[in-house]
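Enquirer: sequence plus predicted model, see below.
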Amino acid sequence: MNKKILVVEDESHIRGFIVVNLSISNFHVIEASSGEEALNLCKSEKPDLVVLDIMLPGIDGYEVCKGIRKDFPDIFIIMLTAKGQDMDKIIGLDLGADDYMVKPFNPMELVSRIRAIFRRAGRSNGHLDSSDNIISGDLRIDINSHKMYKNNIEIILTHREYSLIKVLMENIEKAFSREELLNLAWGEDFIGEYKTVDVHIRRLREKLEDNPKEPKYIKTLWGHGYRFHKF
(Lines give C-alpha, C1' and ligand atoms only; values in the text may rest on other atoms or scores of the structure.)
Protein backbone atom coordinates (compact mmCIF):
# COMPACT_ATOMS: atom_id res chain seq x y z
CA MET A 1 0.00 0.00 0.00
CA ASN A 2 1.37 3.44 -0.94
CA LYS A 3 2.38 5.77 1.86
CA LYS A 4 -0.19 8.44 2.62
CA ILE A 5 1.04 12.05 2.62
CA LEU A 6 -0.93 15.02 3.93
CA VAL A 7 0.06 18.34 2.32
CA VAL A 8 -0.89 21.37 4.42
CA GLU A 9 -0.50 24.60 2.47
CA ASP A 10 -2.94 27.50 2.14
CA GLU A 11 -1.61 28.79 -1.19
CA SER A 12 -3.44 26.62 -3.72
CA HIS A 13 -0.86 26.90 -6.52
CA ILE A 14 1.99 25.81 -4.24
CA ARG A 15 -0.12 23.02 -2.73
CA GLY A 16 -1.15 21.80 -6.17
CA PHE A 17 2.47 21.79 -7.36
CA ILE A 18 3.51 19.67 -4.38
CA VAL A 19 0.53 17.32 -4.73
CA VAL A 20 1.20 16.66 -8.41
CA ASN A 21 4.86 15.77 -7.81
CA LEU A 22 4.07 13.51 -4.87
CA SER A 23 1.28 11.79 -6.80
CA ILE A 24 3.48 11.00 -9.80
CA SER A 25 6.00 9.58 -7.32
CA ASN A 26 3.39 6.99 -6.26
CA PHE A 27 2.36 8.52 -2.93
CA HIS A 28 -1.29 8.68 -1.90
CA VAL A 29 -1.82 12.40 -1.30
CA ILE A 30 -4.49 14.25 0.65
CA GLU A 31 -4.71 18.03 1.06
CA ALA A 32 -5.53 20.66 3.66
CA SER A 33 -5.55 24.43 3.36
CA SER A 34 -5.74 25.27 7.08
CA GLY A 35 -4.40 24.05 10.39
CA GLU A 36 -7.82 23.02 11.66
CA GLU A 37 -8.47 20.94 8.55
CA ALA A 38 -5.05 19.35 8.88
CA LEU A 39 -5.66 18.18 12.46
CA ASN A 40 -9.06 16.78 11.51
CA LEU A 41 -7.54 14.86 8.59
CA CYS A 42 -4.83 13.45 10.85
CA LYS A 43 -7.62 11.96 12.98
CA SER A 44 -9.71 10.62 10.11
CA GLU A 45 -7.08 9.69 7.51
CA LYS A 46 -4.05 8.84 9.70
CA PRO A 47 -1.37 9.90 7.19
CA ASP A 48 2.15 8.48 7.38
CA LEU A 49 3.75 11.88 6.87
CA VAL A 50 2.68 15.54 6.87
CA VAL A 51 4.23 18.25 4.70
CA LEU A 52 3.39 21.28 6.83
CA ASP A 53 3.69 24.96 5.96
CA ILE A 54 4.32 27.28 8.91
CA MET A 55 2.28 30.25 7.70
CA LEU A 56 -1.35 29.13 7.77
CA PRO A 57 -4.63 30.94 8.41
CA GLY A 58 -6.09 30.31 11.86
CA ILE A 59 -3.95 27.73 13.61
CA ASP A 60 -0.39 28.16 12.34
CA GLY A 61 2.04 25.37 11.47
CA TYR A 62 3.70 25.46 14.89
CA GLU A 63 0.42 24.71 16.64
CA VAL A 64 -0.42 21.99 14.13
CA CYS A 65 3.00 20.42 14.70
CA LYS A 66 2.43 20.44 18.47
CA GLY A 67 -1.02 18.91 18.04
CA ILE A 68 0.28 16.13 15.80
CA ARG A 69 3.15 15.34 18.14
CA LYS A 70 0.78 15.20 21.12
CA ASP A 71 -1.88 12.98 19.56
CA PHE A 72 -0.05 11.20 16.72
CA PRO A 73 3.63 10.72 17.68
CA ASP A 74 4.18 8.18 14.89
CA ILE A 75 3.38 10.62 12.06
CA PHE A 76 6.45 12.11 10.39
CA ILE A 77 6.52 15.88 9.80
CA ILE A 78 8.43 17.95 7.25
CA MET A 79 7.98 21.68 7.82
CA LEU A 80 8.16 24.29 5.07
CA THR A 81 9.90 27.49 6.13
CA ALA A 82 10.51 30.86 4.53
CA LYS A 83 13.88 31.56 2.97
CA GLY A 84 16.43 32.80 5.48
CA GLN A 85 14.23 32.24 8.55
CA ASP A 86 16.64 30.15 10.63
CA MET A 87 14.51 30.57 13.75
CA ASP A 88 11.60 28.88 11.95
CA LYS A 89 13.78 25.80 11.46
CA ILE A 90 14.90 25.70 15.08
CA ILE A 91 11.39 26.17 16.48
CA GLY A 92 9.99 23.56 14.10
CA LEU A 93 12.61 20.98 15.09
CA ASP A 94 12.14 21.87 18.74
CA LEU A 95 8.42 21.15 18.44
CA GLY A 96 9.07 17.72 16.96
CA ALA A 97 9.43 18.14 13.19
CA ASP A 98 11.56 15.45 11.55
CA ASP A 99 12.93 17.64 8.78
CA TYR A 100 12.42 21.01 7.13
CA MET A 101 12.68 22.55 3.67
CA VAL A 102 13.18 26.18 2.73
CA LYS A 103 10.93 27.79 0.11
CA PRO A 104 11.35 27.88 -2.82
CA PHE A 105 12.50 24.29 -3.24
CA ASN A 106 12.84 21.64 -5.90
CA PRO A 107 9.82 19.31 -5.51
CA MET A 108 11.96 16.29 -6.35
CA GLU A 109 14.19 17.11 -3.39
CA LEU A 110 11.07 16.98 -1.24
CA VAL A 111 10.25 13.57 -2.70
CA SER A 112 13.83 12.40 -1.97
CA ARG A 113 13.64 13.59 1.62
CA ILE A 114 10.31 11.86 2.17
CA ARG A 115 11.68 8.60 0.77
CA ALA A 116 14.78 8.96 2.95
CA ILE A 117 12.63 9.35 6.08
CA PHE A 118 10.68 6.19 5.26
CA ARG A 119 13.90 4.28 4.50
CA ARG A 120 15.43 5.27 7.82
CA ALA A 121 12.23 4.35 9.67
CA GLY A 122 12.47 0.86 8.22
CA ARG A 123 16.08 0.31 9.15
CA SER A 124 17.37 -1.52 12.18
CA ASN A 125 20.85 -0.46 13.27
CA GLY A 126 22.98 -2.20 15.85
CA HIS A 127 22.45 -5.54 17.54
CA LEU A 128 19.81 -6.92 19.88
CA ASP A 129 20.65 -8.25 23.30
CA SER A 130 19.14 -11.50 24.55
CA SER A 131 16.09 -9.74 25.96
CA ASP A 132 15.64 -7.32 23.05
CA ASN A 133 16.17 -4.45 25.47
CA ILE A 134 18.86 -1.82 25.93
CA ILE A 135 19.12 -0.92 29.62
CA SER A 136 21.15 1.69 31.46
CA GLY A 137 20.25 2.66 35.00
CA ASP A 138 16.52 3.44 35.12
CA LEU A 139 16.25 3.81 31.34
CA ARG A 140 15.17 1.00 29.02
CA ILE A 141 14.61 0.78 25.28
CA ASP A 142 12.36 -2.02 24.01
CA ILE A 143 13.71 -2.77 20.53
CA ASN A 144 10.68 -4.73 19.37
CA SER A 145 8.12 -2.07 20.20
CA HIS A 146 10.39 0.94 19.54
CA LYS A 147 9.43 2.33 22.93
CA MET A 148 11.42 3.87 25.76
CA TYR A 149 10.80 3.65 29.48
CA LYS A 150 12.09 5.40 32.59
CA ASN A 151 11.38 3.54 35.81
CA ASN A 152 9.02 1.38 33.70
CA ILE A 153 6.96 4.43 32.69
CA GLU A 154 6.82 5.01 28.94
CA ILE A 155 8.50 8.16 27.62
CA ILE A 156 6.85 9.29 24.39
CA LEU A 157 9.52 9.97 21.77
CA THR A 158 9.40 11.01 18.13
CA HIS A 159 10.99 8.73 15.53
CA ARG A 160 14.07 10.94 15.42
CA GLU A 161 14.43 11.16 19.20
CA TYR A 162 14.14 7.38 19.41
CA SER A 163 16.81 6.85 16.73
CA LEU A 164 19.17 9.27 18.44
CA ILE A 165 18.88 7.89 21.98
CA LYS A 166 19.14 4.34 20.62
CA VAL A 167 22.46 5.15 18.95
CA LEU A 168 23.78 6.70 22.17
CA MET A 169 22.61 3.89 24.47
CA GLU A 170 23.95 1.20 22.14
CA ASN A 171 27.36 2.85 22.46
CA ILE A 172 27.61 3.87 26.12
CA GLU A 173 30.62 6.09 26.91
CA LYS A 174 31.49 6.42 23.22
CA ALA A 175 32.11 10.00 22.14
CA PHE A 176 30.20 11.02 19.02
CA SER A 177 30.63 14.15 16.97
CA ARG A 178 27.52 15.90 15.72
CA GLU A 179 28.35 14.76 12.19
CA GLU A 180 28.57 11.13 13.32
CA LEU A 181 25.21 11.36 15.11
CA LEU A 182 23.60 12.91 12.02
CA ASN A 183 24.87 10.04 9.86
CA LEU A 184 23.84 7.32 12.32
CA ALA A 185 20.47 8.62 13.53
CA TRP A 186 19.33 10.56 10.46
CA GLY A 187 21.18 8.65 7.73
CA GLU A 188 23.98 9.70 5.41
CA ASP A 189 21.46 10.96 2.86
CA PHE A 190 20.05 13.53 5.31
CA ILE A 191 20.64 17.11 4.17
CA GLY A 192 20.70 19.28 7.26
CA GLU A 193 22.73 21.26 9.76
CA TYR A 194 24.63 20.06 12.82
CA LYS A 195 22.48 22.22 15.12
CA THR A 196 19.68 19.77 14.34
CA VAL A 197 21.47 17.36 16.69
CA ASP A 198 21.66 19.99 19.44
CA VAL A 199 17.92 20.67 19.20
CA HIS A 200 17.06 16.97 19.51
CA ILE A 201 19.51 16.43 22.38
CA ARG A 202 17.84 19.30 24.24
CA ARG A 203 14.42 17.73 23.69
CA LEU A 204 15.66 14.32 24.87
CA ARG A 205 17.09 15.88 28.02
CA GLU A 206 13.78 17.56 28.74
CA LYS A 207 12.04 14.19 28.53
CA LEU A 208 14.64 11.96 30.21
CA GLU A 209 16.60 14.00 32.71
CA ASP A 210 15.46 14.84 36.24
CA ASN A 211 17.20 18.20 35.77
CA PRO A 212 17.82 18.98 32.07
CA LYS A 213 20.23 21.79 33.03
CA GLU A 214 22.43 19.27 34.84
CA PRO A 215 22.14 16.16 32.64
CA LYS A 216 23.32 12.85 34.02
CA TYR A 217 22.56 10.67 30.99
CA ILE A 218 23.62 12.59 27.88
CA LYS A 219 26.87 14.45 28.44
CA THR A 220 28.10 17.33 26.28
CA LEU A 221 31.65 17.11 25.02
CA TRP A 222 32.51 20.74 24.37
CA GLY A 223 33.96 21.31 20.95
CA HIS A 224 33.14 17.75 19.87
CA GLY A 225 29.65 16.35 20.48
CA TYR A 226 27.95 14.04 22.98
CA ARG A 227 28.21 10.73 24.82
CA PHE A 228 25.89 8.62 26.98
CA HIS A 229 27.11 8.21 30.54
CA LYS A 230 27.49 4.71 31.96
CA PHE A 231 25.57 3.76 35.10
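Expert: Looks like it came in fine.
Enquirer: hang on, R119 packs against G187?
Expert: Yes. Counting by CB atoms under 8 Å, R119 touches G187, with 7.1 Å between them. All C-beta spots, glycine's among them, are computed from the backbone N, C-alpha and C.
Enquirer: who has more neighbours, those two?
Expert: Ranked by neighbour count (other CB atoms under 10 Å), R119 and G187 place G187 first, with 15 against 11.
Enquirer: measure the more buried one to H146 for me?
Expert: Computed as CB to CB, to the nearest Å, the G187 to H146 distance reads 16 Å.
Enquirer: contacts only, for K70.
Expert: For K70, the contact set (CB atoms under 8 Å, 6 or more residues apart in numbering) is empty.
Enquirer: skipping its backbone neighbours, what lies nearest the residue nearest the centre of the chain in space?
Expert: The chain has D98 as the residue nearest its centroid, 2.7 Å off, counting by CA atoms, centre = their mean. The shortest distance from D98 to any non-neighbouring residue, by CB to CB, 6 or more residues apart in numbering, is to F76 (4.9 Å).
Enquirer: for this protein, give me the ranges with low pLDDT.
Expert: Across the chain, residues meeting the criterion (pLDDT under 70) sit at 1, 83-86, 88-89, 121-131, 188-192.
Enquirer: could you list the domains of it?
Expert: Structural domains assigned to the chain are 4-122, 133-228, following automatic domain parsing.
Enquirer: in stretch 9-17, what counts as buried?
Expert: E9, D10, I14, R15 (16 or more other CB atoms under 10 Å).
Enquirer: over to K213. Which of the three states is it?
Expert: Of the three states, K213 takes coil under DSSP: H, G, I helix; E, B strand; the rest coil.
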